[in-house]
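Participant: kindly return the folded structure for what I paste below:
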Amino acid sequence: MRTILLPLIAAILILTPSGPYAKGPLLNLTDATFNSEVLHGDLPVLVDFWAEWCGPCRMIAPILEDLSGKYAGKMKFSKLNVDDHEWTARRFGIQRIPCVKIFYRGRLLDEMYGSWPREEIEHFITRNLALAASR
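Facilitator: Numbers count the residues shown, from 1 in each chain. Just a heads-up that it's a prediction; the model follows:
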């Protein structure tokens with residue numbers, strides 16, 4: 001019995017994300033999927049407009065991945081590479097990155113530019129969740 005339980009427990013510990021909630025990668029958006037994934041849903045959607053060469057983008061990416069687990073079921077987290085999907089980046093007026101926008105029911109709720117500490121990003125999210133709930 002012990003020989004069965006130990007490997008099982010080890011596997012569970014290895015596969016279970018660290019921290020109090022599961023974190024995960026953000027949904028990768030494209031020009032083709034942006035409308036259906038962002039503008040036509042019941043949840044607020046956070047979109048991280050980023051590029052591979054952008055250092056500040058790489059700094060906030062793990063924060064957003066971590067927060068995506070914390071707010072799962074309350075907000076959808078996604079990202080759009082502005083170099084690969086220029087049409088959508090132009091459509092939403094992205095001129096500098098990182099840019100994080102939150103949409104709800106087809107409308108832009110709020111946006112923030114630059115690399116911010118986790119506390120500021122989380123405040124941005126909770127403020128917009130409250131705004132979405134009031135609509």
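
Participant: alpha carbons only for contacts and neighbour counts from here, please
Facilitator: Will do.

Participant: residues in contact with the residue lying closest to residue 114 once chain neighbours are set aside?
Facilitator: Residue nearest to residue 114 in three dimensions, not counting chain neighbours: residue 98, with 5.2 Å by CA to CA, 6 or more residues apart in numbering. Taking CA atoms under 8 Å, 6 or more residues apart in numbering, we find residue 98 in contact with 48-50, 54, 56-57, 113-115.

Participant: out of the residues you listed, which is most surrounded?
Facilitator: Sorting the contacts of residue 98 by how many neighbours each has (other CA atoms under 10 Å) puts residue 48 first, at 29 neighbours.

Participant: just confirm that residue is within a strand.
Facilitator: Yes. Counting by DSSP: H, G, I helix; E, B strand; the rest coil, residue 48 falls inside a strand.

Participant: so which helix or strand takes in the spatially most central residue of the chain?
Facilitator: Geometric centre of the chain, nearest residue: residue 77, 2.9 Å, by CA atoms, centre = their mean. Residue 77 belongs to strand 76-81 when assigned by DSSP states H and E.

Participant: what's the following helix or strand after that strand?
Facilitator: Downstream of strand 76-81, the first helix or strand assigned by DSSP H and E is helix 86-91.

Participant: and that next one, how far out from the chain's middle?
Facilitator: Helix 86-91 sits 19 Å away from the centroid of its parent chain (CA atoms, centre = their mean, to the nearest Å).

Participant: can you pull the buried residues of it?
Facilitator: 88-89 (16 or more other CA atoms under 10 Å).

Participant: try stretch 99-108
Facilitator: Those would be 99-105, for stretch 99-108 by 16+ other CA under 10 Å.

Participant: also stretch 66-81?
Facilitator: Buried residues in stretch 66-81, counted by 16+ other CA under 10 Å: 66-71, 75-81.

Participant: quick one: average confidence on it?
Facilitator: For stretch 66-81, the mean per-residue pLDDT is 97.
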